[in-house]
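>>> model the following, please.
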Amino acid sequence: MPHPRTLVGKLLLGAGLAGLLATPVLALGTENPAAPRTSPAAILLAQADATVDFGDDTGAWSNDGECDDPRFEGEGVAEILLEADLGHDATDCRTLYESGAIQLVDAAQETQDAEEETPPPPPPADDEDNAVTPPPPPPADDEPVAPRRPDPTGIDFGDDSGDWPNDGECDDPRFTGAGMALFPTDQGIGTDASDCRTLFEAGKVRLTGSEQLPETPAQRPADIDFGDDDGNWANDGECDDPRFEGQGMAVELVEADRMHDATDCRTLYEAGSISLVDEASDIAGGNSSDIDFGNDTSIWARDGECDDPRFTGSGMAADPVAEDMMSDATDCEAAYSAGTITLIEAGDMSLFDFGDDSSEWSNDGECDDPRFTGPGMAKKPLNDDTMSDATDCEALADAGEVEIKPVFNPAYVAGAPYDSSGIDFGDNTSTYADDDICDDPRFEGPGAASILLDSDELRDAADCRMLYEAGRIVLLES
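Alright, predicted model coming up:
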């Protein structure tokens, strides 16, 4: 049972190659040596000859015949791309790249740029007044990054020391807009100055929040005992030590990991992505330390709106969906702290999404949506009818004949973490183990798989324990 994936769009390589072949290739000689034009075909050849660091095969989706690395695009790329897979699907991506089924995202941008008209040549250098000064040569790789220069906008854009500078996209997550890279990370803050400044001045990106770069943490790392790396989740890129909080934290924190994830926590602390819990001050509007905001795996994460349906308020997206629950952490935490959203209160049905009437059994006087329970329910509600019998279920809910099961109420997650110590979760021998969905048929909830097999009972322990403690599933009564 594959992990559900949302369509992110593919670039059809066949159409791209047809465009390249239809474009005339310029001769090597040109009347304007200072501004030679590179053909799309030449760019594609240059890409093929370039050395690409494909990384390793440690990604969750490696060796599945699709490239999951978000640096690539084309017909061989997976439908949904996650930042966590960058550089971690080497075999798939190398094979598809060499076969021409994918290409680097930057190469596609260069091809588009090359198809545009070359700007007119400068006037001939007949005298000293008209002489054209050639551009300075690019700095060598070992030259230091130029110091930051004052900017008339008042924004500190930083420097160009990031991994993706001067690629025509802004990789600084302080900005948003059409000119942004697909997966900006905290490492891009203040390290893609040229791109972000150019796109900001062109109106293609705008600031999402603070104009300033992150300040140095209040405490020096030397003052903190980070402990050791003896935890089960050490060296996974997330801090699992419950003494800390922030964007770099793991979703699930347990006391057993206190002081046992030293490398991750020290790295993220020094980067300003986490802080000690007692360092963070409460911002007017709400104390977010009591809420598990989840992670940023939603396709709408970091767009300035909260897409998590557990919340309500002016800072919310227009149509939040269940799939984005606990998957838009940065936006929702910022909006909650600013007071523009609040958690939906338990029992508040006014904002519950009943869905539509697309079920075969809609408008028959019974509720067929398995998220509900009560005397007004159909005898055998099916998972296929989830959110598909709105009129019946809403009418019966108003009449008190059905009620939503607690685990499907967005307010239930707000009570997490839930104690799982009394549950035998079994082992991880299911084919679908470790896919962030619970496949054990003893459980139900938004975190449970849509198709459950008896053979997976007691065989998806890690997923089911995590989701149970997070309030995404409950154990069915035997």
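>>> tally of neighbours for the residue nearest to Arg206 when sequence neighbours are not counted?
The shortest distance from Arg206 to any non-neighbouring residue, by CB to CB, 6 or more residues apart in numbering, is to Gly177 (5.3 Å). C-beta: built from backbone N, CA, C; applies to glycine. Look at Gly177: counted by other CB atoms under 10 Å, it has 16 neighbours.
>>> measure Gly177 to Asp228 for me?
43 Å (CB to CB, to the nearest Å).
>>> check Thr342 too.
40 Å.
>>> these two - which one has more neighbours?
Under the criterion of other CB under 10 Å, the comparison of Thr342 against Asp228 puts Thr342 first, with 16 against 12.
>>> can you give me every residue that contacts the more buried one?
286, 311-313, 336 (CB atoms under 8 Å, 6 or more residues apart in numbering).
>>> how near is Asp156 to Leu207?
11 Å.
>>> may I ask which two of the contacts of Thr342 are separated the most?
Gly286 and Thr312 (12.8 Å; CB to CB).
>>> pretty sure Ser450 is in contact with Asn383, am I right?
Yes. Between Ser450 and Asn383 there is a contact under CB atoms under 8 Å: 5.3 Å.
>>> so for the two, which residue has more residues nearby?
Set Ser450 next to Asn383 and count neighbours by other CB under 10 Å: Asn383 wins out with 14 against 10.
>>> contacts only, for that one.
By CB under 8 Å, 6+ apart, the neighbours of Asn383 are 370, 450-451.
>>> partners of the closest residue to Thr429 other than its chain neighbours in the sheet?
Counting by CB to CB, 6+ apart, Thr429 lies nearest to Arg459, which is 4.8 Å off, once chain neighbours are set aside. Arg459 has these beta-bridge partners by DSSP bridges: Gly426.
>>> i'd like the first residue to be 892 from this point on
Noted, 892 is the first residue going forward, which turns the last one into Arg1350.
>>> contacting residues for Arg1350?
By CB under 8 Å, 6+ apart, the neighbours of Arg1350 are 1317-1321, 1324, 1330-1331.
>>> buried members of those residues into ChimeraX, please.
A single ChimeraX command selects the buried members of these (16 or more other CB atoms under 10 Å):
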select :1317,1321,1324,1330,1331
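>>> the residue most central in space within the chain: which element?
Computing the C-alpha centroid of the chain and ranking residues by CA atoms, centre = their mean puts Thr1188 first, at 3.8 Å. Element membership for Thr1188 (DSSP states H and E) is empty, with no helix or strand holding it.
>>> was I right about it contacting Leu973?
Yes. Counting by CB under 8 Å, Thr1188 does reach Leu973; the two are 6.8 Å apart.
>>> can you pull out the strands in the stretch 1042-1191 of the chain?
Here the stretch 1042-1191 of the chain has its strands, by DSSP state E, counting those that start in this stretch, at 1066-1067, 1097-1098, 1135-1137, 1165-1167.
>>> between those strands, which gets nearest to Val1304?
strand 1135-1137 (17.9 Å).
>>> what's the spacing between Asp1325 and Asn1123?
Distance from Asp1325 to Asn1123, by CB to CB: 13 Å.
>>> what comes up buried for stretch 984-992?
984-988, 991-992.
>>> from those residues, pick the one nearest Thr1154.
So of the buried residues of stretch 984-992, ranked by how close each gets to Thr1154 (CB to CB), first place is Cys984, at 26.9 Å.
>>> ends of stretch 1348-1367, how far apart?
12 Å (CA to CA, to the nearest Å).
>>> so what's the gap between that stretch and the chain middle?
23 Å (CA atoms, centre = their mean, to the nearest Å).
>>> and that stretch, what's its mean pLDDT?
Per-residue pLDDT values over stretch 1348-1367 give a mean of 93.
>>> okay, buried residues for that stretch please.
For stretch 1348-1367, burial by neighbour count (16+ other CB under 10 Å) applies to 1350-1352, 1354-1366.
>>> so what does the residue nearest to Gly965 when sequence neighbours are not counted have for phi and psi?
Spatial nearest neighbour of Gly965, excluding adjacent residues (CB to CB, 6+ apart): Ile993 at 3.7 Å. Phi and psi for Ile993, reported as degrees, to the nearest 10, are phi -140, psi 170.
>>> how deep is Ile993 tucked in, by neighbour count?
Neighbours of Ile993 (other CB under 10 Å): 27.
>>> distance of it relative to Asp948?
16 Å.
>>> need the max-distance pair from the buried residues of stretch 1348-1367.
The widest separation within those (CB to CB) is 22.3 Å, between Arg1350 and Gly1362.
>>> domains of the chain?
Partitioning the chain according to automatic domain parsing yields domains covering residues 904-1006, 1310-1369.
>>> where among those is the average confidence lowest?
When I compare those, domain 904-1006 is least confident, with a mean of 68.
>>> can you pick out the most distant pair from the contacts of Arg1350?
Based on CB to CB, the longest span within the contacts of Arg1350 runs between Asp1318 and Asp1330 and measures 12.6 Å.
>>> show me where the protein has its helices.
For the chain, applying DSSP state H gives helices covering 904-913, 931-940, 981-990, 996-1006, 1084-1092, 1153-1161, 1220-1229, 1281-1289, 1301-1304, 1352-1360.
>>> neighbours of the closest residue to Val1145 other than its chain neighbours, just the number please.
Nearest residue to Val1145, sequence neighbours excluded (CB to CB, 6+ apart): Pro1133, at 7.1 Å. Neighbours of Pro1133 under the rule other CB under 10 Å: 18.
>>> for the one 10 residues further on, same thing?
In terms of burial, Glu1143 registers 18 neighbours under the definition other CB under 10 Å.
>>> let's see the pLDDT reported for it.
pLDDT, Glu1143: 83.
>>> how about the one 10 residues further on?
Ala1153 carries a pLDDT score of 90 in this model.
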